[in-house]
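Peer 1: Mind folding the following:
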Amino acid sequence: MPLFRRKTSAPEASENVELPDALQPVASEPELPGTTGPFDHADRPDLGKRIDLGALRVPVVPELKLRLDINKSTGQCTGVALQLGQSGLQVQAFAAPKTWGVWDEIREELAKSITEQGGTVDDVPGTFGRELIARVPASGSQGQQTMRPARFIGVDGPRWFLRGVFSGKAAIDVEAATELEDLFRGIVVTRDDTPRPPRDLLPLSVPGQQLPGEEPVEAEWKPKVPAFDPLTRGPEITEIH
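Peer 2: Model (predicted):
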């Protein structure tokens, strides 16, 4: 059975992950003393039990469900969505300048964009530094207007920026977010040597393909993040429905 099966019947194209026996959950590997993640590949060359998605190496943990967001028009992987229980985390990696980070300006732009859409935002200290606690305008299942909680975190690395968006229980419950915070902390970012402008998505790859004749399957869970995202470029967006 392949790692991924391509979804074709729903409006959004996505990929579902089934972990092979070699990547089944194992005890968490110890971190080096005094270090916290996310990590740059140069600082963490021993990747351990992680799923190779190109620019991102994601740790394997019990009960993890993973989906890749794919732009249908270009075929480009634009982000990875992770689920543990009733909590979700979408992760995207971007190019950043060598000499300064981008999270401060991105956070300000996100806050402005959310409030202009009628949402609310608090810029507060958090686990990974400054973060945004937001309520984002959205459409409910019956088309009614509603507000959904979201928590935006960001980490500036060497020539890369990693952004996470918590949804579900993790967006409002500190204890529910703990496992996903640990998962985010364990991510290893691989920035290639290709020159890229700041905020360009770092390329993600699919570590498997659907075999001929296999039936597509539906994603069991789809985390949503605001469409008004200043980090996205052109059609590379994930929409709230």
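Peer 1: can you give me the strands in the chain?
Peer 2: For the chain, the strands defined by DSSP state E occupy 4-6, 14-17, 39-40, 50-52, 56-59, 65-70, 77-84, 87-95, 120-126, 129-139, 145-157, 160-168, 188-189.
Peer 1: distance of the nearest residue to residue 126 once chain neighbours are set aside from residue 139?
Peer 2: Ranked by CB to CB, 6 or more residues apart in numbering and with sequence neighbours excluded, the top spatial neighbour of residue 126 is residue 153, at 6.5 Å. For every residue, glycine as well, the C-beta is placed using N, CA and C. Distance, residue 153 to residue 139, by CB to CB, to the nearest Å: 25 Å.
Peer 1: Who has more neighbours out of the two?
Peer 2: Comparing residue 153 with residue 139 by other CB atoms under 10 Å, the one with more neighbours is residue 153, at 23 against 13.
Peer 1: who's in contact with that one?
Peer 2: 126-128, 131, 163-166, 184 (CB atoms under 8 Å, 6 or more residues apart in numbering).
Peer 1: Give me the residue at the spatial middle of this structure.
Peer 2: Against the mean C-alpha coordinate of the chain, by CA atoms, centre = their mean, the closest residue is residue 91 at 1.3 Å.
Peer 1: any idea of the pLDDT on the nearest residue to residue 67 once chain neighbours are set aside?
Peer 2: Excluding its sequence neighbours, the residue lying closest to residue 67 (CB to CB, 6+ apart) is residue 81, at 4.5 Å. Here, the pLDDT recorded for residue 81 equals 95.
Peer 1: go on, residue 75?
Peer 2: Note on residue 75: pLDDT of 82.
Peer 1: how far away is it from residue 194?
Peer 2: For residue 75, the distance to residue 194 equals 18 Å [CB to CB].
Peer 1: May I have the beta-bridge partners of the residue nearest to residue 63 when sequence neighbours are not counted?
Peer 2: Of all residues not flanking residue 63 in the chain, residue 84 sits nearest, at 5.9 Å (CB to CB, 6+ apart). Beta-bridge partners for residue 84, by DSSP bridges, are residue 87.
Peer 1: residue contacts, residue 84?
Peer 2: Counting by CB under 8 Å, 6+ apart, the residues that residue 84 touches are 61, 63-65, 179-180, 183.
Peer 1: Neighbour count for the residues you listed - can I get that in CSV?
Peer 2: Listed next are these as CSV, based on neighbours: other CB atoms under 10 Å:
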residue, neighbour count
61, 17
63, 9
64, 19
65, 17
179, 19
180, 26
183, 20
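Peer 1: In the residues you listed, find the pair that's most separated.
Peer 2: For the contacts of residue 84, the farthest-apart pair by CB to CB is 65 and 179; their separation is 12.7 Å.
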